[in-house]
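Trainee: Structural data only, the sequence is not supplied:
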């Protein structure tokens with residue numbers, strides 16, 4: 001399953017940091033049906049900042065809840081390959 005690695009990492013984090021009774025079950029429940037809520041296209045603006053056009057993306061400058069420009073710049077720089 002594609003989410004197995006993410007579930008394993010979340011299980012480890014829950015076990016180490018939260019102390020829940022059954023971290024594996026909680027991680028599995030949290031990861032169910034995770035994924036993009038619809039199509040999105042990634043692009044790089046002229047200034048090098050990576051954005052996308054996903055309907056619910058914090059990195060879509062057109063969304064009303066998008067990251068402020070300076071924070072979007074920092075996030076893009078931090079996640080750059």
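Mentor: Right, received. Where do you want to start? Given the structure is predicted, the values throughout are model-derived calculations rather than measurements.

Trainee: Any chance of the backbone angles for residue 80?
Mentor: Backbone geometry at residue 80, expressed as degrees, to the nearest 10, gives phi -60, psi 140.

Trainee: can you tell me which residues contact the nearest residue to it once chain neighbours are set aside?
Mentor: Nearest non-adjacent residue to residue 80, counting by Cβ to Cβ, 6 or more residues apart in numbering: residue 50, 7.2 Å away. C-beta: built from backbone N, CA, C; applies to glycine. Counting by Cβ atoms under 8 Å, 6 or more residues apart in numbering, residue 50 touches 42, 43, 44, 59, 76, 79, 80.

Trainee: Which strand or helix spans the fifth one?
Mentor: Element membership of residue 76, judged by DSSP states H and E, is helix 69-79.

Trainee: model confidence over that helix, on average?
Mentor: For helix 69-79, the mean per-residue pLDDT is 91.

Trainee: packing partners for that helix?
Mentor: strand 50-52 (3 or more Cβ pairs under 8 Å, 6 or more residues apart in numbering; DSSP states H and E).
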